[in-house]
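[1] I would like the atomic coordinates for the input below:
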Amino acid sequence: MTIFIAKSSLRPPLLWVSSSDKRLSVAVSALVFSLFGCASFSTHLTPRPTPVGQTDIQANFDLLALTEDSHKNNVGPNVEIGLRYGLSEIVDVGLKANVFGGEVNSRVLLVGQPGFDLAIIPGLGFTGGELTSGHAQAVVATASLPVIAGFQMGDYVLVFGTKAYAHWALADATETTNGVTTTYPGELILYPGGVVGFLFPIRENFALFPELNVLFPYLTDEAKFARPVLQGGVAFQFRTGS
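    The predicted model follows:
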């Protein structure tokens with residue numbers, strides 16, 4: 001079991017362990033960081049924005065797979081809730097959140113043609129901690145710029161594209177593995193990668209969206225790539241409004 005806590009010269013650790021409740025606190029922190037202490041790289045979106053005045057609601061159920069510096073493979077769930085609102089024919093705004101962080105973004109349609117669409121989805125977010133670089137990072141500010149294309153096949157849409165993320169850890173993180181504690185300073189980590197997905201409409205206002213993402217963490221402090229990160233799963237999408 002691997003746990004980590006954030007340390008900063010400006011504030012006390014995010015997870016405080018007292019002598020009287022040490023076992024309980026360690027168990028709770030381990031559960032939180034194992035299940036939800038990682039950033040999310042999912043979109044589960046087609047390039048075409050939500051129609052004007054309408055709202056999309058989606059629940060994403062993904063698995064995140066990574067390899068730590070100790071060569072330990074780590075696979076855990078990532079569950080998110082997302083909302084989107086259509087502002088115009090070419091722009092919408094969205095919010096997605098899991099237990100430990102979230103992101104606000106906007107989908108901007110660049111190309112809208114019969115059978116083919118292309119969009120960018122710039123976003124800014126935050127997560128309390130993550131292991132996706134291979135070691136612990138804490139209090140992480142995130143920026144993202146997916147570029148996604150969609151090929152329409154009747155009611156279905158095949159989606160693929162590129163992903164680009166920048167994660168900046170704002171505090172030191174202390175990671176404890178098998179009784180050995182290591183402190184990692186905050187650093188800037190870049191995540192280039194790609195995505196493929198498929199939209200399956202079930203009813204007029206309901207669809208399924210399976211998706212697979214592959215990211216390649218680049219550690220700027222060490223000038224090297226860490227092991228790839230995989231995130232895949234399915235979204236349940238609902239549309240409301242006129």
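
[2] what's the helix or strand for G134?
    Assigned by DSSP states H and E, G134 belongs to neither a helix nor a strand.

[3] tell me the contacts of it?
    When contacts are counted by Cβ atoms under 8 Å, 6 or more residues apart in numbering, G134 is found next to 66-69, 217, 219, 226-227. Placement of C-beta: from N, CA and C, glycine included.

[4] show me where this protein has its helices.
    Using DSSP state H, the helices of the chain run over 22-36.

[5] flag the helix or strand of it with the lowest per-element mean pLDDT.
    When the helices and strands of the chain are scored by mean pLDDT, DSSP states H and E, helix 22-36 comes last with a mean of 39.

[6] which intervals of the protein have sub-threshold pLDDT?
    Of all residues in the chain, those with pLDDT under 70 make up the ranges 1-38, 242.

[7] give the pairing partners of the strand of greatest length in it; include direction for each.
    Using DSSP state E, we find that the single longest strand of the chain is strand 156-177. The strands beside strand 156-177 in its sheet (DSSP bridges) come out as strand 2-7 (antiparallel), strand 137-144 (antiparallel), strand 147-153 (antiparallel), strand 180-184 (antiparallel), strand 188-203 (antiparallel).

[8] need the ones you listed in a markdown table (columns: mean neighbour count and distance to G125).
    Putting these into a markdown table (neighbours: other Cβ atoms under 10 Å; distance: least, Cβ to Cβ, whole Å) gives the following:
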| stretch | mean neighbour count | distance to G125 |
| --- | --- | --- |
| strand 2-7 | 22 | 17 |
| strand 137-144 | 22 | 4 |
| strand 147-153 | 18 | 18 |
| strand 180-184 | 13 | 21 |
| strand 188-203 | 17 | 13 |
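
[9] just the contacts of G134: which are in strands?
    66-67, 219.

[10] just those now: which is nearest D172?
    Nearest to D172 out of these is L219 (Cβ to Cβ; 15.6 Å).

[11] quick one, what contacts the residue most central in space within the chain?
    Nearest to the geometric centre of the chain sits S40, at 1.3 Å (Cα atoms, centre = their mean). Neighbour list for S40: 60, 62, 64, 78, 80, 96, 98, 101, 103, 127, 231 [criterion: Cβ under 8 Å, 6+ apart].

[12] quick revisit: got the strands paired with strand 156-177 as CSV, with distance to A173 columns?
    Below are the strands paired with strand 156-177 laid out as CSV (distance: least, Cβ to Cβ, whole Å):
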stretch, distance to A173
strand 2-7, 5
strand 137-144, 4
strand 147-153, 30
strand 180-184, 5
strand 188-203, 12
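
[13] how about those, which one is nearest R107?
    The nearest among these, by Cβ to Cβ, is strand 147-153 at 8.8 Å.

[14] in CSV, list the C-alpha atoms belonging to that closest one.
    Extracted C-alpha coordinates of strand 147-153, given in CSV (Å, rounded to 0.1, in the frame of the first residue of the first chain):
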residue,chain,number,x,y,z
VAL,A,147,-7.9,18.3,-29.9
ILE,A,148,-10.6,15.9,-31.0
ALA,A,149,-12.0,14.9,-34.4
GLY,A,150,-15.2,13.1,-35.0
PHE,A,151,-16.4,11.1,-38.0
GLN,A,152,-20.1,10.7,-38.1
MET,A,153,-21.5,7.3,-39.2
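
[15] distance between it and the chain's centre?
    21 Å (Cα atoms, centre = their mean, to the nearest Å).

[16] so what touches that strand?
    43, 45-48, 114-121, 157-162, 164, 195, 199.

[17] what is T162 paired to in the beta sheet?
    Where T162 sits in a bridge, its partners, by DSSP bridges, are V147, G194.

[18] number of residues surrounding it?
    Close neighbours of T162, defined as other Cβ atoms under 10 Å, add up to 13.

[19] my guess is it contacts P192, does it?
    Yes. Contact criterion Cβ atoms under 8 Å: T162 and P192 qualify, at 7.4 Å.
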